[in-house]
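Enquirer: Mind looking at a prediction? Sequence and model below.
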Amino acid sequence: MELAGWLTTVLVIAEALVRAGLALRVLMRRLPVAVTTSWLGLILFVPIVGVVAYLLVGESRIGRRRLERERAVQPAYTEYLERLRTETEHLPGTLSRVDRRFAQEAESVGGFPALAGNRVVLLDGAGEFFDAMVRMIDAAERSVMLEFFIWHSAGRVEEVEEALLRAVGRGVACRVLVDAVGSRGFVRSVRYQELRCAGIQLAAALPPQLLRTPLIRRVDHRNHRKLAVVDESRALMGSINMVDPLFFKSGSGVGEWIDLMVEVRGPAVELLALLAIRDWETEAGEDLCRMREALYERELTVAGVMAVQAVASGPGCPGGGIQALVLSAIYAAEKRLTITTPYFVPDPAVVTALQSAARRGVEVTVIVPARCDTVLTHFAGRAFFTDLLEAGVRIAEFRGGLLHTKSIVVDNETALFGTVNLDPRSFWLNFELTLMIYDNDSTGEIFAKQQSYLEQCRFVDLETWKQRPMLHRVVSNIAQLFAPIL
């Protein structure tokens, strides 16, 4: 046999052994059945591509250096939270039985306790968000900490940047943390350097380093949080990226992005500030011990009567992470469950929970955008429509743009609001932020907004859905195969 023939034989055998080894690795990890099946199919039946895909994104590797930084800063936060639980007078004592269970589980997921004495104001859309953001930065006296998945310097975002420049000019410490992939255009821009040279501290979280560390660290973990904290006393959080909808992806064909944010005041802001400090220390490597000590010494300021709880989730969260909390919310519903999510790719556990809720008489409504900016996600999510519709779940397609609000309202009493989508990426791969709201009035406002979305929706009819073109069914069913690993 010629040398070329021998080399070919060796490569084929080596590739087959690698695939067999990775397949065994997948089996031994005891992942959910759907995830295991998807990876086995990709590895065994799509040569080379499946192997490369698994090596890059098959396992939740954060990376040794980042883990070391995370572990280095964690003791300070553990100490703070232990003191808070034993010394604060703001632990809520009037939560319902269901909300107490939510609060206990949420604390086990994100580590933060529920606190009373807060005020939460709903900001409807980008206009109110940018108004509030500029106003808060202009009023800042000590610090501004911003954390966003996407930063796109155009339109009203430029007003925020100018407000930051004014704040730096009067001696306010301004720190901006963006995701390295979500904001890669901004990170590579001249504007990024201009802001840095002007004194604004900027850092990019989770740089992929594809050519250096794909076998050491997974390349697609993302910081998906949207958070602004000013003077550790006021905070904004929700689903809006630092983008002006009139300028961001205007040619994508999905319409204007529709979002909500909330402004938070009260004791819970201190925990949001603690999260922002921890994320900055982990990603930027700067020691902010003075800011932590200042938090220790402050007395929590009451701003209202609401009990709220911040839940910071991400890879490695205990007890099933944010997915377990979402499932608990679905199973807790007795009368009504309303969900909005732009990326709807439910795993079998979520599908079963939604079906169960509908079959026991709960009015379950899932609101998704009629057109999504991610084609594979769009079709993968629609593969589940038939099963859900047959169980009695109402599915509404929003036609007023790309509905980007992420919210779950349970019986008009409890709300989960923030950055989490109903998809595997939010559950297992992204660093997310959710606000649990245990207040009927504020929850009612979010529910009212959900109902206003329905005015621009078309409900999916089961019989009509079953008669959709065969090509659409085939594409959805193929996309569904990849749903567990999207």
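Expert: That came in fine, so what should we check first?

Enquirer: C-alpha only now, for contacts and for neighbours.
Expert: OK.

Enquirer: residues in contact with the closest residue to Y343 other than its chain neighbours?
Expert: Nearest-residue entry for Y343: N421, 5.9 Å, with adjacent residues in sequence omitted and distances by Cα to Cα, 6 or more residues apart in numbering. Neighbour list for N421: T341, P342, Y343, F344, K406, F427 [criterion: Cα atoms under 8 Å, 6 or more residues apart in numbering].

Enquirer: most neighbours, which of those residues?
Expert: P342 (27 neighbours; other Cα atoms under 10 Å).

Enquirer: Could I get the contacting residues of that one?
Expert: V368, P369, C372, L402, L403, H404, T405, K406, N421.

Enquirer: Can you tell me which of those is nearest R394?
Expert: Comparing the contacts of P342 against R394 with Cα to Cα places V368 closest, at 11.0 Å.

Enquirer: The helix or strand hosting the closest one pairs with which strands, and in what direction?
Expert: In the assignment (DSSP states H and E), V368 maps to strand 363-369. Looking at strand 363-369 with DSSP bridges, its partner strands are strand 336-340 (parallel), strand 394-398 (parallel).

Enquirer: Between the ones you listed, which one is closest to P267.
Expert: Nearest to P267, of all these, is strand 336-340, at 27.4 Å by Cα to Cα.

Enquirer: With just CA atoms, put the closest one into PDB.
Expert: Extracted C-alpha coordinates of strand 336-340, given in PDB (Å, rounded to 0.1, in the frame of the first residue of the first chain):
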ATOM      1  CA  ARG A 336     -53.200  31.900  35.100                       C
ATOM      2  CA  LEU A 337     -49.600  31.800  33.700                       C
ATOM      3  CA  THR A 338     -48.400  34.300  31.200                       C
ATOM      4  CA  ILE A 339     -45.000  34.100  29.600                       C
ATOM      5  CA  THR A 340     -43.200  36.400  27.100                       C
END
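
Enquirer: quick one: that strand to chain centroid distance?
Expert: Put simply, strand 336-340 sits 18 Å off its chain's centre (Cα atoms, centre = their mean, to the nearest Å).

Enquirer: what mean pLDDT would you report for that strand?
Expert: In this model, strand 336-340 has a mean pLDDT of 98.

Enquirer: quick one on the thing from earlier: dump the contacts of N421 into CSV; add distance to F417 and secondary structure as well.
Expert: Below are the contacts of N421 laid out as CSV (distance: Cα to Cα, whole Å; DSSP: H, G, I helix; E, B strand; the rest coil):
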residue, distance to F417, secondary structure
T341, 11, coil
P342, 13, coil
Y343, 15, coil
F344, 16, strand
K406, 6, strand
F427, 14, helix
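
Enquirer: Tell me the one of the residues you listed nearest E87?
Expert: Using Cα to Cα, the contacts of N421 come closest to E87 at F427, 32.4 Å.

Enquirer: My guess is the closest one contacts V326. True?
Expert: No. Contact criterion Cα atoms under 8 Å: F427 and V326 do not qualify, at 9.3 Å.

Enquirer: returning to what we had before: looking at the contacts of P342, which is nearest A307?
Expert: For the contacts of P342, the nearest to A307 is K406 (19.9 Å; Cα to Cα).

Enquirer: How about the contacts made by the residue nearest to the closest one when sequence neighbours are not counted?
Expert: Nearest non-adjacent residue to K406, counting by Cα to Cα, 6+ apart: T341, 4.8 Å away. Contacts for T341 (Cα under 8 Å, 6+ apart) come out as V366, I367, V368, P369, L403, H404, T405, K406, S407, N421, L422.

Enquirer: what do you get if the cut-off is 10 Å, keeping everything else the same?
Expert: Contact partners of T341, counting by Cα atoms under 10 Å, 6 or more residues apart in numbering, are 366-369, 402-408, 419-423.

Enquirer: Closest to D287 out of those residues?
Expert: Among the contacts of T341, T419 lies closest to D287 (Cα to Cα), at 26.9 Å.
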